[in-house]
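*Asks:* following is a predicted model, sequence given first.
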Amino acid sequence: AQSVTQPDIHITVSEGASLELRCNYSYGATPYLFWYVQSPGQGLQLLLKYFSGDTLVQGIKGFEAEFKRSQSSFNLRKPSVHWSDAAEYFCAVAYVNTDKLIFGTGTRLQVFP
Amino acid sequence: GAVVSQHPSWVICKSGTSVKIECRSLDFQATTMFWYRQFPKQSLMLMATSNEGSKATYEQGVEKDKFLINHASLTLSTLTVTSAHPEDSSFYICSARDRARGGDTQYFGPGTRLTVL
């Protein structure tokens, strides 16, 4: 079955530190890949997406993600975290010719000053 | 661009009543809209896919008669929770796909928190 795994339920980092959130997907074909961020009580905001081409994609708010086919991964990174980055982060995949967006379980990011 | 709104943002109702939630794409036409449900500290679960002018496609386990979806125009989809009960309390989020912008990106609304007393 198609699935998305975010191994880290909760991550705590200090402001200014680097960040990497992990995401792995299971399926033979390359899906469309997304990272969304959700602040408490709010909807989801698209950070970045990968459909094809350059495997390193740049997003908003200084985030980037790298697609690694060999590892079936799409990890999200940021070189220097800001306190305002504290939120829930969801990785999601969509497969070509399907309507469904499959979400991971999310990673809650906490940022300490 | 690609803004999706939901109304209301929160609603409290008595058990047995029906609640309608609206989802609008403000600056693009959405031939397809999606309805998700999110329980506290959990991920989003797709409830149904709504295509303009046709019947919604429900995910397995989602009661069609309880969660009525209407997608009457290219910018509006509604979700009606009929005869709501406390177990229907949840955060409901819609999204809309803008094919004109390319690819399969879904843009999400801010969500509606439903509390059934």
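*Replies:* That came through fine.
*Asks:* next, give phi and psi for the closest residue to residue B:100 other than its chain neighbours.
*Replies:* Leaving aside its chain neighbours, residue B:100 sits nearest to residue B:28 (6.5 Å; criterion: Cβ to Cβ, 6 or more residues apart in numbering or on different chains). To be clear about C-beta, it is placed using only N, CA and C from the backbone, and glycine gets the same treatment. Main-chain torsions, residue B:28, degrees, to the nearest 10: phi -160, psi 160.
*Asks:* how far away is residue B:28 from chain A?
*Replies:* 14 Å (Cβ to the nearest Cβ, to the nearest Å).
*Asks:* kindly report the same for residue B:27.
*Replies:* On the measure of Cβ to the nearest Cβ, residue B:27 and chain A end up 15 Å apart.
*Asks:* ranges for the strands of the chain?
*Replies:* All of this refers to chain A. A:3-5, A:10-14, A:19-21, A:24-26, A:32-38, A:44-50, A:56-58, A:64-68, A:73-78, A:87-94, A:101-103, A:107-112 (DSSP state E).
*Asks:* think we crossed wires, I meant chain B
*Replies:* Under DSSP E, chain B gives strands at B:4-7, B:10-13, B:19-25, B:32-38, B:44-51, B:57-58, B:67-73, B:76-81, B:90-97, B:106-108, B:112-116.
*Asks:* dump those strands into a markdown table; add mean pLDDT as well.
*Replies:* As requested, these are arranged in a markdown table below (pLDDT from 0 to 100):
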| stretch | mean pLDDT |
| --- | --- |
| strand B:4-7 | 95 |
| strand B:10-13 | 96 |
| strand B:19-25 | 96 |
| strand B:32-38 | 93 |
| strand B:44-51 | 91 |
| strand B:57-58 | 94 |
| strand B:67-73 | 91 |
| strand B:76-81 | 96 |
| strand B:90-97 | 94 |
| strand B:106-108 | 89 |
| strand B:112-116 | 96 |
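*Asks:* to chain A, which of these lies closest?
*Replies:* Chain A lies closest to strand B:106-108 among the strands of chain B, at 4.1 Å (Cβ to the nearest Cβ).
*Asks:* related to what we said a few turns ago, want to try TSV for the strands of chain B, with distance to residue A:47 as columns?
*Replies:* Shown next, in TSV, are those (distance: least, Cβ to Cβ, whole Å):
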stretch	distance to residue A:47
strand B:4-7	16
strand B:10-13	25
strand B:19-25	20
strand B:32-38	18
strand B:44-51	15
strand B:57-58	28
strand B:67-73	27
strand B:76-81	24
strand B:90-97	15
strand B:106-108	12
strand B:112-116	23
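*Asks:* closest one to residue A:85 among those strands?
*Replies:* Comparison of these against residue A:85 by Cβ to Cβ identifies strand B:106-108 as nearest, at 18.4 Å.
*Asks:* say whether chain A is contacted by that closest one.
*Replies:* Yes - counting by Cβ under 8 Å from any Cβ of the partner chain, chain A has neighbours in strand B:106-108: B:106-108.
*Asks:* what's around residue A:112, how many residues?
*Replies:* 11 (other Cβ atoms under 10 Å in any protein chain shown).
*Asks:* still on that earlier bit, could I get the strands of chain A as JSON lines with distance to chain B and mean pLDDT?
*Replies:* Shown next, in JSON lines, are these (distance: least, Cβ to the nearest Cβ, whole Å; pLDDT from 0 to 100):
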{"stretch": "strand A:3-5", "distance to chain B": "9", "mean pLDDT": "91"}
{"stretch": "strand A:10-14", "distance to chain B": "10", "mean pLDDT": "97"}
{"stretch": "strand A:19-21", "distance to chain B": "14", "mean pLDDT": "98"}
{"stretch": "strand A:24-26", "distance to chain B": "14", "mean pLDDT": "92"}
{"stretch": "strand A:32-38", "distance to chain B": "5", "mean pLDDT": "94"}
{"stretch": "strand A:44-50", "distance to chain B": "4", "mean pLDDT": "93"}
{"stretch": "strand A:56-58", "distance to chain B": "12", "mean pLDDT": "97"}
{"stretch": "strand A:64-68", "distance to chain B": "14", "mean pLDDT": "96"}
{"stretch": "strand A:73-78", "distance to chain B": "15", "mean pLDDT": "97"}
{"stretch": "strand A:87-94", "distance to chain B": "5", "mean pLDDT": "94"}
{"stretch": "strand A:101-103", "distance to chain B": "5", "mean pLDDT": "89"}
{"stretch": "strand A:107-112", "distance to chain B": "8", "mean pLDDT": "96"}
